[in-house]
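# could you look at this predicted model? Sequence included:
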Amino acid sequence: MSRMKRTEQISLGELRALRMRAQCLTPRFPRTALVDVVKALCGVNAQLPSAMALSLRARIEGLVIEDIETSRVKDRALVRTWCMRGTMHLLAADDVDWLLSAIAPAVIRGGWRWLEKRGGLERERAEKVLEEAYRTLKAKGPMTRRELMAAVAARYGPKVKSAAAGVVQLSGMLGRVCFGPDHGAQPTYVALDDWLGRKVKLPKKPDHVELTRRYLRGYGPAGPRDLAAWWELPVAEAKAAWALLQGELVELNAEGQPVWLLTTQSSALANAGCAGHVVRLLPAFDTYLLGYHVRDLAVPLKYQDRVFHGGEIVPTILVDGSAAGTWRYEQRGKQIRIEVTPFSSFTSQDRDLIAEEADDIGRFFGRTAALGYTKGG
């Protein structure tokens, strides 16, 4: 990596503060900025709808869960579909076309391979099945996955039902399908162009420079390997895009770790150490924990097996940008029970701020919060 404009020294605490600011975790945004926050993060992980909602709660003051569905289903300003790494995300509708076009070819090839090896569909037949699924949704959507694949199976045989997961996922990444309104507990699927009310135009050539620029706005300071891990982009391509942004970057040295920040965000350096004491209860798969190649900054190495395990990223308590414990919740009637497990111990101020977060989670779900601590607290 070539040298950029200049190198500035920052502490790891300042690096955490800058990332929390970029991630919209501090200060929180107003309720009217829901779409802006999703856009700033280039999407919010949506594997678990409840976790997706809690990620936004941690960043938006006064948000209620109904706001998200109103913006997604009524206003169509947000879209839930598959994007980076082939993972479900909530995206800003304005970003859908170019973000889908930038999905790494290896991820798309993986989708076709899954259909062949796991779904039993060779490429030519798989293409026909995807096209039939799209036409069916155009004619009859919204449909649940079971309904959709039953309709496709009427033409291509019952065996195609075993490929259902791969069909909707790859169709999503190709810009044909997205999630529609929920039918009770069941999600539905729709044709993406119908959902947006416009044609979907995926640029033939991905704009990795803009992708890098947008990544740094929402995740910086960071390095090219962070971008590569977040997007599942080859490191060489990430470095090439990084190099093309030379005139827009400030190089920082965070206690021996080189990272870069957009010059347009460099004014934040002056206030990097002035964020105050910040506690956030982050849900599973939060972007602050997912968005980097090296995760030691957010989760100390000795605690990583308690946060990252079995392919999961568990709900985490963040104190000044560093994981200090885990938490879980359970809804029972009009009450939501929140159980906190510290990694070591919390100060009285930490506990007060955790209680505020717990109360806000209760408010978010329209329930009363009951907070408890397990051993270690």
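Okay, I see it.
# contacting residues around Glu122?
Applying Cβ atoms under 8 Å, 6 or more residues apart in numbering to Glu122 gives the contacts Glu116. (C-beta placed from N, C-alpha, C; glycine too.)
# where along the stretch 201-350 of the chain do the helices fall?
Along the stretch 201-350 of the chain, counting by DSSP state H, counting those that start in this stretch, helices occupy 208-219, 224-231, 235-243, 287-290, 304-307, 348-365.
# nearest to Ala165, of the ones you listed?
In terms of Cβ to Cβ, the element of the helices of the stretch 201-350 of the chain nearest to Ala165 is helix 287-290, at 21.3 Å.
# what comes up buried for the closest one?
287-290 (16 or more other Cβ atoms under 10 Å).
# how about the residues you listed in TSV, adding distance to Asn45?
Formatted as TSV, the buried residues of helix 287-290 follow (distance: Cβ to Cβ, whole Å):
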residue	distance to Asn45
Thr287	6
Tyr288	11
Leu289	10
Leu290	6
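# ok now the worst-scoring helix or strand of the chain on mean pLDDT, how far from the chain's centre?
The helix or strand of the chain with the poorest confidence is strand 7-10; it has a mean of 88 (mean pLDDT, DSSP states H and E). Centroid separation between strand 7-10 and its chain, computed with Cα atoms, centre = their mean, to the nearest Å, is 29 Å.
# now do stretch 139-150
26 Å.
# and that stretch, end to end?
Its start and end residues considered, stretch 139-150 measures 14 Å (Cα to Cα, to the nearest Å).
# ditto for stretch 146-165
End-to-end distance (Cα to Cα), stretch 146-165: 10 Å.
# can you tell me what sits against that stretch?
115, 118-121, 125-126, 128-129, 132-133, 136-137, 140-141, 143, 145, 167-168, 189.
# let's see 6 Å
Under the contact criterion Cβ atoms under 6 Å, 6 or more residues apart in numbering, stretch 146-165 has outside partners 115, 119, 121, 129, 132-133, 136, 145, 189.
# quick one: average pLDDT of that stretch?
Regarding stretch 146-165, the rounded mean pLDDT is 96.
# in the stretch 1-150 of the chain, where is pLDDT below threshold?
1-6 (pLDDT under 70).
# now the helices for it?
Counting by DSSP H, counting those that start in this stretch, the helices of the stretch 1-150 of the chain are 12-22, 34-40, 49-57, 65-69, 96-101, 105-117, 123-140, 145-156.
# so which of the ones you listed comes closest to Trp260?
Among those, helix 12-22 sits nearest to Trp260 (Cβ to Cβ), with 11.2 Å.
# what's the distance between Asp286 and Leu137?
31 Å (Cβ to Cβ, to the nearest Å).
# any idea which strand is longest in this protein?
strand 322-332 (DSSP state E).
# follow-up on the earlier one: turn the helices of the stretch 1-150 of the chain into JSON lines, columns for mean neighbour count.
Rendered in JSON lines, the data for the helices of the stretch 1-150 of the chain read as follows (neighbours: other Cβ atoms under 10 Å):
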{"stretch": "helix 12-22", "mean neighbour count": "21"}
{"stretch": "helix 34-40", "mean neighbour count": "20"}
{"stretch": "helix 49-57", "mean neighbour count": "22"}
{"stretch": "helix 65-69", "mean neighbour count": "16"}
{"stretch": "helix 96-101", "mean neighbour count": "21"}
{"stretch": "helix 105-117", "mean neighbour count": "16"}
{"stretch": "helix 123-140", "mean neighbour count": "17"}
{"stretch": "helix 145-156", "mean neighbour count": "17"}
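# in CSV, list those helices along with distance to Val259.
Formatted as CSV, the helices of the stretch 1-150 of the chain follow (distance: least, Cβ to Cβ, whole Å):
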stretch, distance to Val259
helix 12-22, 7
helix 34-40, 19
helix 49-57, 23
helix 65-69, 32
helix 96-101, 23
helix 105-117, 26
helix 123-140, 40
helix 145-156, 41
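# how far does stretch 9-16 sit from its chain's centre?
24 Å.
# and stretch 290-305, by the same measure?
On the basis of Cα atoms, centre = their mean, stretch 290-305 sits 17 Å off its chain's mean C-alpha point.
# just the terminal-to-terminal distance for that stretch.
15 Å.
# which phi and psi does Thr368 have?
Backbone torsions of Thr368, given as degrees, to the nearest 10, read phi -90, psi 130.
# pull the contacting residues for it.
335, 362.
# domain map for the protein?
104-196, 279-373 (automatic domain parsing).
# make a markdown table from these and add distance to Met84 to it.
Output for these, formatted as a markdown table (distance: least, Cβ to Cβ, whole Å):
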| stretch | distance to Met84 |
| --- | --- |
| domain 104-196 | 8 |
| domain 279-373 | 10 |
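# which one of those domains lies closest to Met88?
That would be domain 104-196 among the domains of the chain, by Cβ to Cβ, at 8.2 Å.
# distance from the chain centre to the closest one, please.
22 Å.
# could you tell me the end-to-end distance of it?
Domain 104-196: ends 23 Å apart by Cα to Cα.
# then stretch 41-57?
End-to-end distance (Cα to Cα), stretch 41-57: 14 Å.
# what's the answer for stretch 171-191, then?
The first residue of stretch 171-191 is 9 Å away from its last residue (Cα to Cα).
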